[in-house]
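Participant: Sequence unavailable; structure follows:
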Ligand code: PLP
């Protein structure tokens, strides 16, 4: 099997599985318990918090563990919106290419009287900081712009947008679920108030995520209860997943530029091989792009059929966003970029990791070519 769906979920790293292991079976302690087993679990969480904070250039107290990227995005947006409301701020600014975890949360808040303004994207999938400057007003409660897009891998100008927000006293959140572990992230350098990260996208195990929240930036909890995570996220901690997250964060941020350069080489070879197939086009700009993201469309082919055909040939891929797979709605990202309907329907996303080999890339490209040709024959 050739696994090229790392943006949907990456395989758990060996170091992450080893870090989780003791807390799956032998150590059953609740991290809030004061006995030995409880203290052992609590210690694992302290260590994971330190590792995650170090990987992002944050302080450990600024890291709130959550259940994943969706919860982190929800917490960031709902909390910042409610905090803004206290002082009469009702505007939310985000982009039309965000993940559903952000877009659906904004729609929810709209139902409670917030005004949502969407930044558009150009044909290559980039958001403009200039447009952001026009939409960010002093009555804006929060701005949320993703660091990297999950479908086409484009990197957004978050530093510039964070600077605009800072100068206008507006809270800035970035969804870095796809960026973390693939590009260096330094919360102080970026200048964000909040950042979402998910463990299972970078070699951790499912069920853990984090929200970085700058010291001094208030968080209104979504979950109330026993007061875990400094009372901003109640609920017994998922010790195993959090311990694994710490290990995975540390691993994925080590030699990140070297790894990214190696993966980008494979990505560029794959793009070249796929664009050699007649009737193909690359979605998303080449310049500022995640090292592992390939998104190519083929005319006269349905993306879902392509994914199923590739599965039969032992290649795991996705069409559009994996979270939306099984649902044949056109991709909102390709739609926002103005991709024609035919190319929207025939889109294929292949996302690489440091574990893919040059041989796998050649084999996967051959499998795509065969599948596209076969599907075109059937529908001719
Ligand atoms: N944000 C982005 C950009 C994503 O790609 C995803 C998942 O695909 C999420 C948020 C949601 O993360 P999780 O699956 O951890 O809830």
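Facilitator: On my side now, so go ahead. The structure presented is a predicted model; accordingly, all values stated were derived computationally and were not measured.
Participant: show me the residues around residue 237 that make contact.
Facilitator: When contacts are counted by C-beta atoms under 8 Å, 6 or more residues apart in numbering, residue 237 touches 31, 41, 45, 65, 228, 229. C-betas here are computed from N, CA, C, even on glycine.
Participant: ok, of these, which come out buried?
Facilitator: Buried residues within the contacts of residue 237, defined by neighbour count using 16 or more other C-beta atoms under 10 Å: 31, 41, 45, 65, 228, 229.
Participant: how about the residues of this structure near the ligand?
Facilitator: Within the chain, the residues that sit near the ligand (C-beta under 6 Å from any ligand atom) are 68-70, 73, 99, 101, 146, 150, 175, 177-178, 198, 209, 323.
Participant: Quick one: buried ones out of those?
Facilitator: Here, 16+ other C-beta under 10 Å leaves 68-70, 73, 99, 101, 146, 150, 175, 177-178, 198, 209 buried among the residues of the chain next to the ligand.
Participant: Please spell out which residues along the helix or strand that residue 265 is a member of are buried.
Facilitator: Element membership of residue 265, judged by DSSP states H and E, is helix 256-275. Residues of helix 256-275 classed as buried by neighbour count (16+ other C-beta under 10 Å): 256, 259, 260, 263, 264, 266, 267, 270, 271, 273, 274.
Participant: And the strands in the chain, which stretches?
Facilitator: For the chain, the strands defined by DSSP state E occupy 2-3, 63-66, 91-95, 115-119, 140-144, 171-175, 194-198, 209-213, 280-282, 293-298, 315-316, 347-351.
Participant: got these as TSV, with mean pLDDT columns?
Facilitator: Output for the strands of the chain, formatted as TSV (pLDDT from 0 to 100):
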stretch	mean pLDDT
strand 2-3	98
strand 63-66	98
strand 91-95	98
strand 115-119	98
strand 140-144	98
strand 171-175	98
strand 194-198	98
strand 209-213	98
strand 280-282	98
strand 293-298	98
strand 315-316	98
strand 347-351	98
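Participant: As CSV, those with distance to residue 12 would be great.
Facilitator: Formatted as CSV, these follow (distance: least, C-beta to C-beta, whole Å):
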stretch, distance to residue 12
strand 2-3, 12
strand 63-66, 17
strand 91-95, 30
strand 115-119, 35
strand 140-144, 28
strand 171-175, 22
strand 194-198, 13
strand 209-213, 15
strand 280-282, 30
strand 293-298, 21
strand 315-316, 15
strand 347-351, 16
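Participant: Just want the residue of the protein that's nearest the ligand.
Facilitator: residue 69 (2.5 Å; C-beta to the nearest ligand atom).
Participant: That residue: what's it in contact with?
Facilitator: With C-beta under 8 Å, 6+ apart, residue 69 has these contacts: 99, 101, 175, 177, 196, 197, 198, 201, 209.
Participant: For residue 4, state which of these is nearest.
Facilitator: Relative to residue 4, the closest of those is residue 201; by C-beta to C-beta it sits at 14.5 Å.
Participant: What is the burial count for the closest one?
Facilitator: 27 (other C-beta atoms under 10 Å).
Participant: Double-check it against residue 178; I have them as touching.
Facilitator: Yes: if you go by C-beta atoms under 8 Å, residue 201 and residue 178 touch, sitting 6.5 Å apart.
Participant: Quick check: neighbours shared by the two?
Facilitator: By C-beta under 8 Å, 6+ apart, the residues touching both residue 201 and residue 178 are residue 7.
Participant: for the stretch 51-200 of the chain, which spans come out with low pLDDT?
Facilitator: Counting by pLDDT under 70, the stretch 51-200 of the chain shows no low-confidence range.
Participant: can you pull out the helices in it?
Facilitator: Under the criterion DSSP state H, counting those that start in this stretch, the stretch 51-200 of the chain contains helices at 69-85, 100-110, 129-135, 158-168, 187-190.
Participant: tell me the most buried of the ones you listed?
Facilitator: helix 69-85 (a mean of 23; mean count of other C-beta atoms under 10 Å).
Participant: how far out from the middle of the chain is it?
Facilitator: Per C-alpha atoms, centre = their mean, to the nearest Å, the displacement of helix 69-85 from the mean C-alpha position of its chain is 16 Å.
Participant: how far off strand 140-144 does it point, in degrees?
Facilitator: 160 degrees (axes from the mean of the first three to the mean of the last three C-alpha atoms, to 10 degrees).
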